[in-house]
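Undergrad: Only the shape, not the letters, is given here:
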């Protein structure tokens, strides 16, 4: 995969992703990926792109962060021949869990995954739709680390660079297709 290929795909995706002003609150421009998900050719191309980027990383599990991360992680896992791990908000998973709290703009929240989702030494790709402040992704990395897994990469469809979320993932192999 070349830099030109990545840039062309990012440019194409930007024309499909919809801006929704003042959502979820005034002053925020929400990047709505549902039009990209609804375009079968563009969605398939994006999934293949992410899979190719991480193809040689030895990924055994792909972890999707609730909720839009599920939509991206599942087909990437299939492409890579890897298992899928859902990470959900507290109280949503039916089995024994491990949890990590992370900071929000006003307070904290907690994410959980099953305690047997990652085996020691497994290589995990973490996938979500947007890298903003980095708190959510950093919390999930700590869950994988805590179970003895290896974070082989963090993949985000969109990165909001002005929020400097990548700084919370220092030392992690982090890839985002689209940057704003």
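TA: Received the coordinates, thanks. Just so we're clear, the structure is a prediction, and the values are computed from it rather than from any experiment.

Undergrad: Kindly list the main-chain dihedrals of the most centrally placed residue in the chain?
TA: Taking C-alpha atoms, centre = their mean, the centroid of the chain lies closest to residue 128, which sits 1.9 Å from it. The phi/psi pair for residue 128 (degrees, to the nearest 10) reads phi -150, psi 170.

Undergrad: And it, how far from residue 26?
TA: 25 Å (C-beta to C-beta, to the nearest Å). C-beta here means a position set from N, CA and C on the backbone, and glycine is covered the same way.

Undergrad: ok so, going back, quick one: pLDDT of the residue nearest to the centre of the chain?
TA: For residue 128, the pLDDT comes out at 98.

Undergrad: now do residue 1
TA: So residue 1 comes in at 66 (pLDDT).

Undergrad: How about residue 164?
TA: Reported pLDDT for residue 164: 96.

Undergrad: wait, residue 77 sits on residue 62?
TA: Yes. Using C-beta atoms under 8 Å, residue 77 is in contact with residue 62, at 3.8 Å.

Undergrad: Mutual contacts of those two, please.
TA: Counting by C-beta atoms under 8 Å, 6 or more residues apart in numbering, the shared contacts of residue 77 and residue 62 are 83, 84.

Undergrad: More neighbours: the two, which one.
TA: residue 62 (29 against 23; other C-beta atoms under 10 Å).

Undergrad: and that one, what element?
TA: Element membership of residue 62, judged by DSSP states H and E, is strand 61-65.
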